[in-house]
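Student: Give me coordinates for this.
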Amino acid sequence: MTKSIRIWRFDDAPKEYRDMSRNGGDEDWVAVVPSNYVNEYLGFLAEGTSFGCCAVDEFMLDDGSKLLIGSHA
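Tutor: Model (predicted):
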């Protein structure tokens, strides 16, 4: 069974993920990409898209998944 990508509005994301942000208030979206997709091109989560029009910060999680935080400034 394939794990799914999870996406939240920033304010609805788990606190542990919101606390990882370095952007300071301009965050819009949070996504967790499971390890089976971390090497795939996921254009809809890229910088310059609605997910992160100005920036997308990436963090590797202990389980091998990737946390993405999209921001508008």
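
Student: Quick check: which element contains the nearest residue to residue 9 once chain neighbours are set aside?
Tutor: In space, and not counting its chain neighbours, residue 9 is closest to residue 29: 6.5 Å by Cβ to Cβ, 6 or more residues apart in numbering. To be clear about C-beta, it is placed using only N, CA and C from the backbone, and glycine gets the same treatment. Assigned by DSSP states H and E, residue 29 falls within strand 27-33.

Student: helices or strands up against that strand?
Tutor: With contacts taken as 3 or more Cβ pairs under 8 Å, 6 or more residues apart in numbering; DSSP states H and E, strand 27-33 sits against strand 6-9, helix 15-18, strand 66-71.

Student: what packs against the second one?
Tutor: Secondary structure elements in contact with helix 15-18, counted by 3+ Cβ pairs under 8 Å, 6+ apart, are strand 27-33.

Student: The strand it packs on vs strand 66-71, what angle?
Tutor: 160 degrees (axes from the mean of the first three to the mean of the last three Cα atoms, to 10 degrees).

Student: mind listing what the strand holding residue 29 pairs with, with the direction of each?
Tutor: Looking at strand 27-33 with DSSP bridges, its partner strands are strand 6-9 (antiparallel), strand 66-71 (antiparallel).

Student: Convert the longest one to PDB, retaining C-alpha atoms only.
Tutor: Same thing as strand 66-71. C-alpha atoms of strand 66-71 as PDB (Å, rounded to 0.1, in the frame of the first residue of the first chain):
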ATOM      1  CA  LYS A  66      10.000  15.300   3.800                       C
ATOM      2  CA  LEU A  67       8.100  18.300   5.400                       C
ATOM      3  CA  LEU A  68       7.400  21.200   3.000                       C
ATOM      4  CA  ILE A  69       6.300  24.600   4.200                       C
ATOM      5  CA  GLY A  70       5.000  27.000   1.500                       C
ATOM      6  CA  SER A  71       5.100  30.700   2.100                       C
END
